[in-house]
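**Q** sequence first, predicted coordinates after that:
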Amino acid sequence: MKKVLAGLVVAVALVTPRLAQAEKLVIACGSVGQEQEVCKQGAEAWAKKTGHTVQVMSVPTDAGQQLAQFQQLLAAGSSDLDVVRIDVIWPGIVANHFIDLKPHFPEDVLKQHFQPIVKNNTVNGKLIAIPWFTDAGLLYYRKDLLEKHGQKPPTTWQELAQVAKVVMDAEKKAGNDKLVGYVFQGKSYEGLTCNALEWVDSFGGGTIVDSNGQVTINNPKAVEAIDFFASLVGNVVPKGVLSYEEEGARGAFQSGNAVFMRNWPYAWSLANAKDSPISGKVGVMALPKGGAEGKSTGTLGGWQLGVSKYSKHPELAVDLVKYLTGPEEQKRRALVGSFNPTLTSLYKDEELLKANPFISSLYETFTNAVPRPSITGTKYNQVSTEFRNGVYATLSGKGKAADNLKKVEAKLKSLGKNGKW
């Protein structure tokens, strides 16, 4: 993308120094659900305020494909991209291509954000990106169907399977053959890594690689978790789930054809939109536990905004990041798109809590979510790929979890140093 100078006079004061003419910045947002449109609205508001223009770059829905697209541009030192939306597990991968934002954000401003995310975004003392919105996996359910058939929201995954079957069987007798029990992100991509990590952690199986660099995924609890979900495929879970990303799962659930769905918070506003067939019929809660002795957990997600060091207008790019990650814009995004703020004060905002009632009750879910193994640094993508491929093989009937996770363990140890990270 060629940079075009627009020859306009800036008539407003900026936090950054005034420029003699208007400039065009390019930002890469997300493309899942209404994210691109909500990002565009925020960018246009900043543009109107400053007299500059912002172009939103199109990106794939798959986060892994997004990263590949960005890496290609950054490796070439391209100035075609100024502000980049960064996944929570990317800072260690892309750090060398971004400016240090610490000098541009006072400490008191940074302290307003969730500190674990600020820490996550800091690589070798360099603040790669500013938190924009946070995520953790949630369970959506059809509260009308559960009430109709005398069922309660499940507290364990085992209960979820039982409740789903009861509702499915009853609806089938009434002529509803399209209803399935549970949908999630089952395609072999980063979304499956997130889902499977939640399963494993909820059963007490820990993480993929622990904070000490030990590969821990091959353990009895992890095996139990993966085998359990594999047993659901073809029963309460349709086989088509193995091709679902976020939007595939949301499409099935929002069309009224699923009892339960695992997805990110963004799906709340869409499921309850005026044109949604299930508007007003949806409940949302923390993900179930892996049995009575398990725990409720969600994979830590979320996105940040960073400034490419190849940008021709870094000061303007920083100003755009300040605006988009500020309280006014984070609140607007939460209201119109249910994107969870990273500013802790907004979790007490009455208007916001009324629009998204689950935010306050699931505060601990967002702050205590299970992280993916960022300790693996630049090799994270390889680690994630090996893990999810092993899980996918089990879900699709190609071997048991014990054998597949043993293979994953061996591959991850070979990627590390002397069997660890």
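**A** Received it, and whenever you're ready, just let me know what you need.

**Q** test my guess that residue 146 contacts residue 166.
**A** No - using CB atoms under 8 Å as the test, residue 146 is too far from residue 166 to be in contact (9.3 Å). Where C-beta positions appear, they are placed from N, C-alpha and C, glycine not excepted.

**Q** so for these two, which residue has more residues nearby?
**A** Comparing residue 146 with residue 166 by other CB atoms under 10 Å, the one with more neighbours is residue 146, at 20 against 17.

**Q** ok, that one to residue 280 distance?
**A** Separation of residue 146 from residue 280 (CB to CB, to the nearest Å) stands at 14 Å.

**Q** which parts of the stretch 251-400 of the chain are helices?
**A** Secondary structure of the stretch 251-400 of the chain by DSSP state H, counting those that start in this stretch: the helices cover 267-271, 314-324, 327-337, 350-355, 358-361, 363-367, 380-395.

**Q** check contacts around the nearest residue to residue 383 once chain neighbours are set aside.
**A** Using CB to CB, 6 or more residues apart in numbering and skipping residues adjacent in sequence, the residue nearest residue 383 is residue 376, 4.6 Å away. Contacts for residue 376 (CB atoms under 8 Å, 6 or more residues apart in numbering) come out as 209, 382, 383, 415, 416, 421.

**Q** pull out the buried residues from those.
**A** 209, 383, 415, 416, 421 (16 or more other CB atoms under 10 Å).

**Q** going by distance to residue 191, which of these wins?
**A** Among the buried ones among the contacts of residue 376, residue 383 lies closest to residue 191 (CB to CB), at 15.7 Å.

**Q** ok, the closest one - contacts?
**A** 208, 209, 373, 376, 412, 415.

**Q** out of the helices of the stretch 251-400 of the chain, nearest to residue 34?
**A** Taking CB to CB, helix 327-337 is the member of the helices of the stretch 251-400 of the chain nearest to residue 34, at 5.6 Å.

**Q** now the angle between helix 314-324 and that closest one, please.
**A** 60 degrees (axes from the mean of the first three to the mean of the last three CA atoms, to 10 degrees).

**Q** can you name the residues in contact with helix 327-337?
**A** Helix 327-337 is contacted from outside by 33-35, 38, 41-42, 45, 112, 132-133, 266, 269, 323, 339-343, 345-346, 349, 351-352, 355-356, 359, using CB under 8 Å, 6+ apart.

**Q** in strands, which of those appear?
**A** 132, 133 (DSSP state E).

**Q** circling back: a markdown table for the helices of the stretch 251-400 of the chain, including mean pLDDT?
**A** Output for these, formatted as a markdown table (pLDDT from 0 to 100):
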| stretch | mean pLDDT |
| --- | --- |
| helix 267-271 | 94 |
| helix 314-324 | 98 |
| helix 327-337 | 96 |
| helix 350-355 | 92 |
| helix 358-361 | 76 |
| helix 363-367 | 78 |
| helix 380-395 | 97 |
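
**Q** residue 217: which of those is closest?
**A** Smallest distance to residue 217 across those (CB to CB): 6.6 Å, for helix 380-395.

**Q** now do the buried residues in the closest one.
**A** Neighbour-count burial for helix 380-395 flags 380-381, 383-395 (criterion: 16+ other CB under 10 Å).

**Q** over to stretch 354-374?
**A** 355-356, 358-359, 362, 365-367, 369-374.

**Q** show the pLDDT at the most centrally placed residue in the chain.
**A** What sits nearest the mean C-alpha location of the chain, by CA atoms, centre = their mean, is residue 301, with 3.9 Å. Note on residue 301: pLDDT of 90.

**Q** I figured it hits residue 132, correct?
**A** No - in this structure, residue 301 is not within contact of residue 132 by CB under 8 Å, at 11.7 Å.

**Q** can you pull out the helices in the stretch 1-150 of the chain?
**A** Counting by DSSP H, counting those that start in this stretch, the segments of the stretch 1-150 of the chain that form helices are 35-50, 63-75, 91-94, 107-110, 115-120, 143-148.

**Q** what pairs with the residue nearest to the centre of the chain across the strands?
**A** Beta-bridge partners recorded for residue 301 (DSSP bridges): residue 135.

**Q** so what's it up against?
**A** By CB under 8 Å, 6+ apart, the contact set of residue 301 is 87, 88, 134, 135, 136, 137, 194, 264, 369.

**Q** per-domain residue ranges of the chain.
**A** The chain resolves into domains spanning 24-128+300-367, 138-299+373-415 when parsed by automatic domain parsing.

**Q** what segments of the stretch 101-250 of the chain are strands?
**A** Using DSSP state E, counting those that start in this stretch, the strands of the stretch 101-250 of the chain run over residues 122-123, 126-127, 130-136, 138-142, 180-183.

**Q** output those strands in JSON lines, with mean neighbour count, distance to residue 306 and mean pLDDT appended to each entry.
**A** Converted to JSON lines, the strands of the stretch 101-250 of the chain look like this (neighbours: other CB atoms under 10 Å; distance: least, CB to CB, whole Å; pLDDT from 0 to 100):
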{"stretch": "strand 122-123", "mean neighbour count": "18", "distance to residue 306": "11", "mean pLDDT": "93"}
{"stretch": "strand 126-127", "mean neighbour count": "19", "distance to residue 306": "9", "mean pLDDT": "96"}
{"stretch": "strand 130-136", "mean neighbour count": "25", "distance to residue 306": "8", "mean pLDDT": "94"}
{"stretch": "strand 138-142", "mean neighbour count": "23", "distance to residue 306": "26", "mean pLDDT": "96"}
{"stretch": "strand 180-183", "mean neighbour count": "24", "distance to residue 306": "33", "mean pLDDT": "98"}
